[in-house]
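> Need a 3D model of the following:
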Amino acid sequence: RRFILKAVTAFEVKSFLKLAHPKRSKNCDYFSYFEGNPRSVINRIYGIFRIRHAFYASKTYLLLMENVKGYFDSDLPLQMYDLKGSSYGRRTIRKSFDVESDSAILFGNVLKDNDFRRFEGRMVFPEREHKRCFDQVYQDLVFLQSSELTDYSLLLAISS
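Below is the predicted model:
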């Protein structure tokens, strides 16, 4: 439960290796960034694997990543949102979905921005936590932008 494997493209592996290598990274490299920002909300990557298929000429690349669901008690239902800050194509649950009759579908699926707007509306934090979270997300955003990574999202988990 602590780790997950995610299939990625060769281009994504190449981009990560460039980011992780101190001499190739324009700014701070990936691992140094976490040393200076232990509260970063960027997902930790622990390994990259390449699998060569015996019968095919293709290769599969896998990232060994931290599983954010591992931080929650498995008995608690979670609502997961993959937030990109966009509305185009960012819906998992159909518009005609009836919350009262079939709310079980909300748990176990990763929902998107438009689902978040519909079911949650907004996030409310105590003032001190709001500043800490906002400052860290902003620092992470600056790091990702300076590393020329433009396709990222915030995975938000809400336990009941």
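> Now do the phi/psi pair for the residue of the chain positioned farthest from its centre.
The centre of the chain is farthest from one residue, F55, which by Cα atoms, centre = their mean lies 33.1 Å away. Phi and psi for F55, reported as degrees, to the nearest 10, are phi -100, psi 0.
> would you list every one of the helices in this structure?
10-20, 30-36, 113-119, 127-146 (DSSP state H).
> Buried deepest among those helices, which one?
helix 113-119 (a mean of 18; mean count of other Cβ atoms under 10 Å). Any C-beta I mention is one placed from the backbone N, CA and C, and that applies to glycine too.
> Not counting its own residues, what contacts that helix?
79, 81, 83-87, 90-93, 99, 106, 111, 156 (Cβ atoms under 8 Å, 6 or more residues apart in numbering).
> Need the CA coordinates for that helix. PDB is fine.
Output in PDB follows, covering the C-alpha atoms of helix 113-119 (Å, rounded to 0.1, in the frame of the first residue of the first chain):
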ATOM      1  CA  ASP A 113     -12.200  19.500 -11.500                       C
ATOM      2  CA  ASN A 114     -15.800  19.800 -12.500                       C
ATOM      3  CA  ASP A 115     -16.800  17.000 -10.100                       C
ATOM      4  CA  PHE A 116     -15.000  18.900  -7.300                       C
ATOM      5  CA  ARG A 117     -16.900  22.100  -8.100                       C
ATOM      6  CA  ARG A 118     -20.200  20.200  -8.100                       C
ATOM      7  CA  PHE A 119     -19.800  18.100  -5.000                       C
END
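> Going by residue numbers, what spans are strands in the chain?
3-8, 45-52, 59-66, 78-83, 110-112, 154-159 (DSSP state E).
> Closest one to Y61 out of the contacts of helix 113-119, please.
Distance to Y61 across those (Cβ to Cβ) is lowest for K84, with 22.8 Å.
> looking at this protein, which helix or strand is least sure?
strand 154-159 (a mean of 77; mean pLDDT, DSSP states H and E).
> who wins for neighbours among the contacts of helix 113-119?
Neighbour counts for those, by other Cβ atoms under 10 Å, peak at L111, which reaches 24 neighbours.
> That one contacts I93, correct?
Yes - using Cβ atoms under 8 Å, L111 is in contact with I93, at 6.5 Å.
> so who does the residue nearest in space to the middle of the chain touch?
Residue closest to the mean C-alpha point of the chain, counted by Cα atoms, centre = their mean, is L155 at 4.5 Å. Counting by Cβ under 8 Å, 6+ apart, L155 touches N43, V68, M80, Y81, D82, L83, V110.
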